[in-house]
Structures are given as structure tokens and as C-alpha cells.
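Engineer: Any chance you could fold what I've pasted below:
(2 chains)
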Amino acid sequence: MTDTIDRSDTADGDRVLDHLVVRFAGDSGDGMQLTGDRFTSVSASFGNDLSTLPDFPAEIRAPAGTVNGVSAFQVNIADHEITTPGDEPNVLVAMNAAALKAELHRLEVGGTVIINEDAFAERDLEKAGYVDEVGATINPLTDDTLKGYRVLLVPMTSLTKEVCEPLGVKPRDAERSKNFFALGLVSWMYTRPVEPTEEWIDEKFAKNEQVAAANKAAFRAGFNFGETTEAVGHRYEVRPATLPPGTYTSITGNTALSWGLVAAGQLAKLPITLGSYPITPASDILHELSRQKHFGIRTVQAEDEIAAVGVALGASFAGHLGITTTSGPGVALKSETISLAIAIELPMVIIDIQRGGPSTGLPTKTEASDLNLALHGRHGEAPLPVVASYSPAHCFHAAIEAARIALKYRTPVILLSDGYLANGSEPWKLPDVDTLPDISVPFTTEPNHTTADGTEEFWPYLRDPETLARPWAIPGTPGLMHRVGGLEKQDGTGNIDYTPENHERMTELRAAKIEAVTADIAPTEVSGDADADVLVLGWGSTWAAIDAAVQRRRRAGVKVAKAHLMHLSPLPPDLGDLLRSYRRVILPELNRGQLAHHLRGTYLVDVTSVSKVQGLPFKSREIEDAIDQAVASLGADEEGATS
Amino acid sequence: MSTAQVAVTTKKDWTSDQEVRWCPGCGDYGILLAVQQLMPDLGVAPENTVFVSGIGCSSRFPYYMNTYGMHSIHGRAPAIATGVATARPDLDVWVITGDGDGLSIGGNHLIHALRRNVNLNILLFNNRIYGLTKGQYSPTSEVGKVTKSTPFGSVDHPFNPLSVALGAEATFVARTHDLDRKHMQETFRAAHAHRGSSFVEIYQNCNVFNDGQFDGVTKKTNRAEMMIDLVHGEPILFGPENEHGVMQGTDGFLHIVDVADVGLDRILIHDEKNEHSSLAYALARLNSDDHSPTPFGVFRDVERAEYTQLVGDQVMEASAQKGPGDLEALLASNGTWTVD
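Structural biologist: Predicted coordinates:
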């Protein structure tokens, strides 16, 4: 294997690797996500550090056996801390011809490909598109396609059927268990513990004993196949990582984000009302919060995206923490209500799990192209805070931070995550819940203004001088009845006011309030070489690939530093100076350079965009190349200067 | 919330200090007065009352009520009010909307609030015209209506607001008009008493852009012949001497008849509690235009589980079953392992 480090002590016995990237690929109906999840869970509880990349089609069931229907799950397991799911798999499991066709190009040179050879009949090859110009089928198992790879041909379907037959399972049903055969085989090859998976099968399929029995039989058969078949060869091992002490769980971004919202409600001492409309890849948050009603959470699956954000805003007006979850197309629909929330200055959290766009785009693939939408996608002068999460586990903290800002400054806040973070997973050292911040804010319960004749009044737009937040007085509070609305309000009283000076003043106040959030933003953390000329700046899910790339270039002796932004609006107050202190700033983004343009406009600094819009996260190698180019360009500058 | 504890209020307590800015002579004034006068009778407190509106002339309404209120976005009031009511089932939530706001841009939210039976009192001011944007036809304008945007007459088939509400399975559906304060107040009182979504269509005159639209029915001289007063449990009769009535024919349809021709026994007894909405629907479709006998009053008032109550119950049940939420337990709920 090319980039893995062999840590074996002896020539014989098991080989020990520092990390391993496995990619399971098969038909959408083959259960590849489940197989990958199991392999991940077992590795997590075994103590490896890990990172995953589920990669599945938008169609629930595309035509079986076609390239469009291929569903894949990539997992990187390591004996040290890692951040990415790996650039290139070391091992590819291909459950059918289409999976091989779609995925083989990803496999590293010399990598291992484990193939279900039962799925390469004439018809399978045709459906997979293994045909030549005249329409004759090509068999990749017998031509040069697999040259240069370590190939393991295993009749997984027939072996699974064979072991299931004595259990009385019909062959058609037995075939469905072949993913567990694959998991068993891979578990043997890479020395994964067996018991957790067997227990999990018992639990998961408790209601259908026959299915449980078939899956277990297939799993064992796969494991035993590895043990008894010489062709499989050596076993490999990836030892546990030495992670900081603590209690860990394996978490996806959407689960972490959901739990972050639950925590935000607890920390704010407020009930949550979630208004949401199903949309990929955000729906899991609606599902998860719907399960957590005992935290006082109300979930409303609204009739549309607009109603969903309306429900959230109405709930905030009534004194709840109003939240809405969606993806880019939904944010577009919610835009008008977000502007109303800005005008009536109420807290609300809008969560955008970004996906490839425009329009329906790539619903199941990742992209970070809603930044412009988040920063600017409203009518009128309508600034709001934007926060971005950068890893699956970080979604937990980002959700709390978004809610904190929303409550303290009485403003809608957009939290950006993306499909990669949403579905990707990593081990998460559980935080001590007692150390989480108190983000509660008081409701206003008393009048706040006295008129000349001594009458006590409530002025809904009389601001806190520091945060510029207006008072939050909720229905049910005697004496503080007031009306809010989309029409421009008079500074202080909140009465409708169309005068030119007042509108300008209110516009400035709304902007100044968002700018006031900078008071809470910690100095930007920079890591890497202190004397570097090149800074890699990032935001969102690029963190993993940037981290891996910077580490590798530094190990290779390249001087480079990195910084990652969580607050995208307002930007950290020290950012302009920081950017100016480097000779080169490169900014990898899963869009066409949206933050890069924004920073250039904001600070008049030269920021080089590194763009990728393939629906996939960056490979760290791509960022390494960008670092090398930036460093080389410095050399060119110097040559130019001296010649 | 116990009504017994609510302090006695007067109309003044429900009137905000804001200057009312509708056109002089607008039907909205009569509706506002009816509501402000009625509120002290309902046994609720201003601080526990919320008025949510969308956009349009009628949607200025919340500014004039001394309650909590939100003048929101065109069409979205039912959705926002659903959020208010779901978060706080203890509040009295009113939605003020119009024919454009509620049936055009916000039609989707209206029907879904009604189907869910969210505890909202929805007052739809129907003037069959866009007033705030100065005179375009609305989704309730009749075919052929000449307006600024339909110089050759509207070709759109209009909505009947009550048909829409009944089609959405609303549990309370009524109609009143802006010229009869007492009728409005009785209708609003019934709407308020109903637990769940209450939908009230108010014939409202826009004296600037669509003056006299409802005169054929609601003008004093026409009322006796044209207005059919629906009274629960009573035969549906109208006319100066109650000489006309509504009969269900053997064909299943409703017909306007002379009582003398068919006998009082054949006249339909109004049953607002009828679980099936078919008769209410037929009544809502009785008038073919604004120049034919038109029913007013409560068409339908039936009980069905109320949304915010159901949502709240699930929260209570979950808490009873699982105990109050424990964040630490939640974070460990997907299985953990320990690194020493």
C-alpha cells in the first residue's frame, strides 16, 4: 500500500498498518451504508480514530445494477488522530459490476479490490456499461482492467445462499445477506472484533429471527472464508489510536447538530420549537429532534419551507427558541421571513445543511455554495450573523454558538453545515456538560421608559447600549403589550415611522448590532509554522482536508500555517491584519471562491481561491498541491525581484 | 387559564394608542370596533391575546389592538400564528387576513392551519379586491371583473372562501358582514368559544376600489330578501315574513323554495354540529353571486382534537415516560467507549 505505514514487528504473522481506508460499494439496495456503518462502529469501539464519507445517489432505488445506482461508504481508520476519510481507498469492496465500474478509479495504485464475482454475468456487465463500441460485453475480471491491483474474487452471493439454505431462508432472501458476508470477510482481513457485530445483528433484527440468523450466518461465512482461504493471505491490523483520555461516542454531523440544539435549549433554559420541512440532507435533524420531546421540544413538520420558518419565528415571538432546519433551496424560500426576523429583531436559528446546487442540484452530495446566500440572500439591508461548523462533532458546539448569538443579540442566525459533515462521522470525546456555557437571557417584564408626565411605558425598540439588542417581552407579560411588524419602526418606541432619518438610523443600528457580535469572537487561532509565508485559510468542512494537508507538507519541510473560521458574519475583528501578515493566503472552498471574494472585498487583500465543486470533499492532496503552488510562487516572486 | 381570574376590562383597555389609518369609510373600521367592543366580554386578558396578520389593508389591524401583535408577511400569518399557538397553547391567538393574503399568496398556510385544527381564530376580510396595491382583482373577484390588471375583465374563476375552508376540513366555519356589528360580535364570540381553528369570512366593503360589492345582499333594503340567517336547530328561513326557505331536494341538492309551496316540514333544519360537512358545503355554495340569497352565521361548528393540545400532550407524555431530558444521558445514548 502506497501511503500507509507498515508498523509490523515481524515478517510473519499479522501485518500492522498505521491506517486503512476501506470503501464499500454496491447497489443502492445492497446495504452498503449499513455495512460501512457497522465497520465504523466496530472500529470506533476498538479504539481507532476514524472519519467516514457516505456517498450515495439521490434516487432511493435507481435501476438495479447500473452505475447510477451505486452507493458507497468510505471509512478511514487509524492508530493516530486523523481528520479525513482518506484521499484514495486502500481497499475497495465491489458488490457488483456497476460498483467496480463506478469506483475502481478511486482505488490507490496497487490497492486491494475485493469483488463479488457472482455479479458479473453477461446481463450484469451490460447494465454496468461494460460494453465496447459495437455493444459486445467486456469482462473486467478477465481483461486488463484489474491489472496493477491485488484482486480477490469471491463468489459472495452463492456462498451466502449456501450457508443460508439450511436455515430455511429462500435463496432470494438469502441473497440480501451478502453484504454481511463482505463485512465478515473484511472484518477477518483487517482484524476487527466479531462479537459487537453479532450482537448488533441480534438486536437490530430481533423482530425477524430468520433474517437475523441469515445475516449472522453470512457474516460468519465471510469471516471463515478469510481464515480458511489461502488466497486471502495475510491479516492486517490497525491498532487503537492514542486519543486523549475520556468517554467517546461515534457521531455524525447531523446527530451532533441535533444534540447541540437540544443542549442550546437546556443552556438557554428555553423550550425549543422546531419548524421544518423535509429536505435532503437536513431531514435527520427533524427526525432526531422529534424523538427528543422529553426535553420540552415541539416539532412541527410544516406544509412548506416558508411555513416552517414562520412557525419558528412565531414560537420565538411567544418566548421559545425558534429553530428551522433546511438546505439551500429551503433557505431561498425562507428568505423573506428571515428578513422579517431581522426587522422585528427576534432570536431564531436557521440551519442550512448545504448540498450541491443550484436548484435541486446534487441533493445527496456536498458543497459549500450557500455562503453568498447566507451572507447576502435577503432583500433590503439585512445583515445577520453566520456561523459555520467544521467537523461532524463540531456541529454540536456550532449549534450552541448559533443559539447563543441569536438569543443575546435578538437576531436570526444562519448556521452552515454541509452534506459531508451531516452524514460523515468521527469519534467525539464527550464534553463535560457542566462546562457548557450558560446562554440564557432574561425576558423583559417591566416597563423601560417613563414619559414626561411620569407614565411608565414599554418601548420595544429601546436597546441595550452594549449589545444593541432590543428587549424581549413575551405574550403573557402584563403591561408590556406591543406590536411588531415588517414596517419600519421608530427607534425606541417601535411605532411605525417612515421618516428618512429614522430609516437610516434604524438601518445603521441593525448593522451595528450584528457588528457588536465581534465582541464575543475570540482571536483567530493560527497553527503551523510561526515563520510561514503561506497561510491556508478555511471555513466549514474543508477543515479536515486542510488539517491533513498542512500536517503532511510540514512533515515534508514546507513552511505553512493554517487558520479556520467559524464566524463568517461578522468576521473576526483580527482577520484583516492576520491576512495582511502573510505573503500568500490560499482559501480552499467547495464553491467558486465565495469567501475569497468576500474577503478581498472586505479587506482589500489578495486571497487565492482554491475551488472544487464536484459534490465531494477536498482530498488533502489537492490542498497540498495548492500549498506547493503558493510556495513556488513565492520563489518566483523572489527570482523576479533579484533578476 | 381560568377566566375567573381575569380583571374586568373595557374597550379602552383593548385599544392601542396608534392612529387608525384606513381610508375614511372603509369597512375595516366597523370590524375593528366590533372586536374592540367584544373583547372585554370574552373573559380574557389583553396580555394573553395575540393578533397576527399578513399584509394588506386588513393586516394593519394588530397595530390598533392593545394586545401582543405581529404584522407579518404577505400570506404567512397562519404559519406564524401556528408557531405562536404551538409554543404557547395558553394564549388566545387571532389571525387577521384578507382575500388576497389568505386565499392567494397564503392559501397554502390557511388550508393547513385549518386541517391541523390549530387553535386560531381566523378572520378573513373579504372585499373581493386588492386594496393596498390600489385595485387589482383578487382570488374572490367575480369572472368578468374589470380592474387595473383586468381591463378586459377577469377570466379567473374565483374561490368561495367558505368552500375552501370546508374543503380543508375546518371545524368552525362562519360568515358575517361589516355592516352588522351585533352579528359580527355573535359570530366572533362563537369563533372564540370554539376550540380549534375557527374560520370567519367577513364581507367587507372597500369603498375606494370596490364600493358596494355586497350591496345586493347586505344593503338594508335588500337584507330581508337576500340574507339567510343560519340558526342552529332552526329551519332555514328568510324573507320579510320568513316566507322563503332552504329545502334539500330528493336529488340531494339544496333548493330555495317558498314555504307555502312545500310546507314548513320540508325546510332544512340547520345543524352546525353535523359531523359531515356536505350540508355546510352545500349551504356555502347556495349563493351563485352577490345578488342572490346568501347564508350568514355559523355553517359548521364541530369538535375535533386540537393541534397545539396534541403537540403539547406528546411532550408531556414523553416527559412522563422518559423523565425530564438529561443532556449527559443523551450524549451517551448511541453507545460510548472509554480511553484511559
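Engineer: Can you tell me the SS state at the residue of the stretch 1-150 of chain B found nearest chain A?
Structural biologist: Taking CB to the nearest CB, chain A has its nearest neighbour within the stretch 1-150 of chain B at B:G83, 2.5 Å off. To be clear about C-beta, it is placed using only N, CA and C from the backbone, and glycine gets the same treatment. Put simply, B:G83 is helix when judged by DSSP: H, G, I helix; E, B strand; the rest coil.
Engineer: ok, which stretches of chain B are helices?
Structural biologist: With DSSP state H, the ranges of helices along chain B come out as B:28-38, B:77-87, B:99-100, B:107-116, B:161-167, B:181-193, B:215-218, B:220-226, B:259-262, B:278-284, B:307-322, B:327-331.
Engineer: hang on, the earlier thing: my guess is the residue of the stretch 1-150 of chain B closest to chain A contacts A:A318, does it?
Structural biologist: Yes - if you go by CB atoms under 8 Å, B:G83 and A:A318 touch, sitting 7.1 Å apart.
Engineer: and A:G310, what is it in contact with?
Structural biologist: With contacts defined as CB atoms under 8 Å, 6 or more residues apart in numbering or on different chains, the neighbours of A:G310 are A:275, A:302, A:337, B:72-73, B:76, B:79-80, B:82-83, B:109.
Engineer: Please report how far the closest residue to B:D340 other than its chain neighbours lies from A:L430.
Structural biologist: With sequence-adjacent residues excluded and distances taken as CB to CB, 6 or more residues apart in numbering or on different chains, B:D340 is closest to A:P245, at 5.7 Å. Noted for A:P245: a distance of 12 Å to A:L430, by CB to CB, to the nearest Å.
Engineer: try B:G144
Structural biologist: 69 Å.
Engineer: Please say which of the two ends up with more neighbours.
Structural biologist: Neighbour comparison, B:G144 and A:L430: the larger count goes to A:L430, with 16 against 11 (by other CB atoms under 10 Å in any protein chain shown).
Engineer: my guess is that one contacts B:A332, does it?
Structural biologist: Yes - with contact defined as CB under 8 Å, A:L430 counts as touching B:A332 (6.8 Å).
Engineer: and the residue of the stretch 201-340 of chain B at minimum distance from chain A, what does it touch?
Structural biologist: Chain A sits closest to B:G325 of the stretch 201-340 of chain B, with a gap of 3.2 Å, by CB to the nearest CB. Counting by CB under 8 Å, 6+ apart, B:G325 makes contact with A:262, A:266, A:292, A:294-296, B:319.
Engineer: ok, of those, which one's closest to A:P358?
Structural biologist: A:V262 (32.5 Å; CB to CB).
Engineer: Out of the helices of chain B, flag the one nearest A:G380.
Structural biologist: For the helices of chain B, the distance to A:G380 is smallest for helix B:77-87, at 19.1 Å, taking CB to CB.
Engineer: Packing partners of the closest one?
Structural biologist: When contacts are defined as 3 or more CB pairs under 8 Å, 6 or more residues apart in numbering or on different chains; DSSP states H and E, helix B:77-87 packs onto strand A:272-276, strand A:297-301, helix A:305-317, strand B:49-53, strand B:92-98, helix B:107-116, strand B:120-126, helix B:307-322.
Engineer: pLDDT weak spots in the stretch 101-250 of chain B?
Structural biologist: Counting by pLDDT under 70, the stretch 101-250 of chain B contains no low-confidence range.
Engineer: what ranges do the strands span in the stretch 501-643 of chain A?
Structural biologist: For the stretch 501-643 of chain A, the strands defined by DSSP state E, counting those that start in this stretch cover A:526-528, A:534-539, A:561-565, A:567-569, A:584-589, A:607-611.
Engineer: The stretch 151-300 of chain B too?
Structural biologist: B:172-177, B:198-203, B:227-230, B:237-238, B:244-248, B:254-258, B:294-301.
Engineer: Could you dump those into JSON lines and include mean neighbour count and distance to A:T608?
Structural biologist: As requested, the strands of the stretch 151-300 of chain B are exported to JSON lines (neighbours: other CB atoms under 10 Å in any protein chain shown; distance: least, CB to CB, whole Å):
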{"stretch": "strand B:172-177", "mean neighbour count": "27", "distance to A:T608": "63"}
{"stretch": "strand B:198-203", "mean neighbour count": "26", "distance to A:T608": "59"}
{"stretch": "strand B:227-230", "mean neighbour count": "20", "distance to A:T608": "74"}
{"stretch": "strand B:237-238", "mean neighbour count": "21", "distance to A:T608": "80"}
{"stretch": "strand B:244-248", "mean neighbour count": "21", "distance to A:T608": "78"}
{"stretch": "strand B:254-258", "mean neighbour count": "15", "distance to A:T608": "75"}
{"stretch": "strand B:294-301", "mean neighbour count": "24", "distance to A:T608": "66"}
